[in-house]
Every structure is written in structure tokens, then in C-alpha cells.
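build the 3D model from these lines:
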Amino acid sequence: MEQQFNPSAERSPGAAPVVLRRVTRGYVRGIVLVAAVVALSLVIAAWGLSSFLLDANPGGETAGVLVLPVTLMLATVAAVPCWWQQALSLLRGNPRIARLWLLFELVLVAVITVAGRMVAHTELFAALNIFTLEVVLAFLVAHLVFWMILFRQIYTVKGRPLWPWEMRDSRVTEIAQLQQMWDRS
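Numbers count the residues shown, from 1 in each chain. From the prediction side, this is the model:
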């Protein structure tokens, strides 16, 4: 399924990038899921550490039990279509549009987080605190992870990372092939 790569082919400055491998919808769905899990994990870890160090509740004192989980789930559900559209724009060779989707996603996540905190009977300026910033930064880091995985798949000829025992098997096969070539010559 790999496409031929010709590094000496000339391209105009506005041309789409040379795609080395095909990216399927299933692959993009998988990295969107990974990005969502990374974002939620980072938010939970950051909130836990901040609430421990600052001795403060991320949802405020009057927040109900489900306010924060519902807010985070809404933010994640809002970020998923943004990640999908970014993958499409990157695959089509429009990184400028992908950057706009990134900005839109971060603003949307911040608005949803502030709205969720305001539902918890927090004032607007009280909702703009370290916990809201941590959500936006966690989604930014997850977004960068999403881009790194997608770029590695699109623009490199490297295969997937191998476990040490898988590398050993490939080395044994490679050594056997080299020995056969040596014996023939």
C-alpha cells in the first residue's frame, strides 16, 4: 500500500506535500481516540496535583458531583471533530487551515470549561483560574501528540515502533538473508 517516493521531484511552493504512506479512516480514528485519552489523563493528573498543592477544589465549593466530568466529556466531544477536520486538512496539504482548527479547538474547550464552571455557580472571573488553564494546556499537549503521530505516519517511511523481541526476530531474518547473499557470491 505504500506509494512511490521521488525525493528529486520538484514541487511548487503551494503544492500538497509528498505523501509517503496512505492513512486510513481507521488510523485517524485511532489517533483521535489516543489524543482524547491523553487529554483527559493530563487534565485529571493536573487537577489532582493542583488541588493537592493549592488545597482547592477544581469545581469550586458549590459544584455538584457530575459537573466536572460532564464538562470534560463535552470538551472532549467538541475536540474530536476538530481533530478529525485537522487530519483531513493536513492530508489535503493545508497546514494553515489545520492551525485554524487548533485555535478553534482550544477556544471551544476553554469556553466549554468556563461555562461548566459557571453552571457550578461560580462567577466568570472565578472560573478563569488555573484549573481552566490546565484543561486548555492538556488539550494543547494532546493535540501536539495527535500531530506527531499523524505526521510520522504521513511523512516518514519508518514502520511502527518495535518491541525488543520483535527487533530480535527481524535481525535474525536479516542476518539469514545476508548469509544467503554471502554464500551465493
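
tell me, what residue is most central in this structure?
Nearest to the mean C-alpha position of the chain, counting by CA atoms, centre = their mean, stands Phe146 at 2.3 Å.

tell me the average confidence for the helix or strand hosting Leu74?
Using DSSP states H and E, Leu74 falls within helix 67-91. Across helix 67-91, the average pLDDT comes to 89.

and that helix, what other elements does it pack with?
helix 25-54, helix 95-119, helix 130-155 (3 or more CB pairs under 8 Å, 6 or more residues apart in numbering; DSSP states H and E). Where C-beta positions appear, they are placed from N, C-alpha and C, glycine not excepted.

what's the nearest residue to Phe104 if we skip its chain neighbours?
What sits nearest to Phe104 in space, not counting adjacent residues and going by CB to CB, 6 or more residues apart in numbering, is Cys82, at 6.2 Å.

for the protein, give me the ranges with low pLDDT.
Applying pLDDT under 70 to the chain flags residues 1-21, 60, 63, 120-127.

re the thing from before, which of the helices and strands packed on helix 67-91 sits closest to Met73?
Nearest to Met73 among the helices and strands packed on helix 67-91 is helix 25-54; the distance by CB to CB comes to 8.6 Å.

I'd like the distance from that closest one to the chain centre, please.
9 Å (CA atoms, centre = their mean, to the nearest Å).

before we move on, what about stretch 113-122?
26 Å.

make residue 1 into 23 and carry on from there
Renumbered: residue one is now 23, and that last one reads stretch 135-144.

give me the number of residues near the nearest residue to Ala58 once chain neighbours are set aside?
Spatial nearest neighbour of Ala58, chain neighbours left out: Thr98 (5.2 Å); criterion: CB to CB, 6+ apart. Applying other CB atoms under 10 Å, we find 19 residues neighbouring Thr98.

quick one: residues contacting Thr98.
By CB atoms under 8 Å, 6 or more residues apart in numbering, the residues touching Thr98 are 58, 61-62.

let's see if you can find the most crowded of these.
Ala61 (25 neighbours).

what sits against the spatially closest residue to that residue that is not a sequence neighbour?
Of all residues not flanking Ala61 in the chain, Ala164 sits nearest, at 3.6 Å (CB to CB, 6+ apart). By CB under 8 Å, 6+ apart, the contact list for Ala164 reads 57-58, 60-61, 64, 101.
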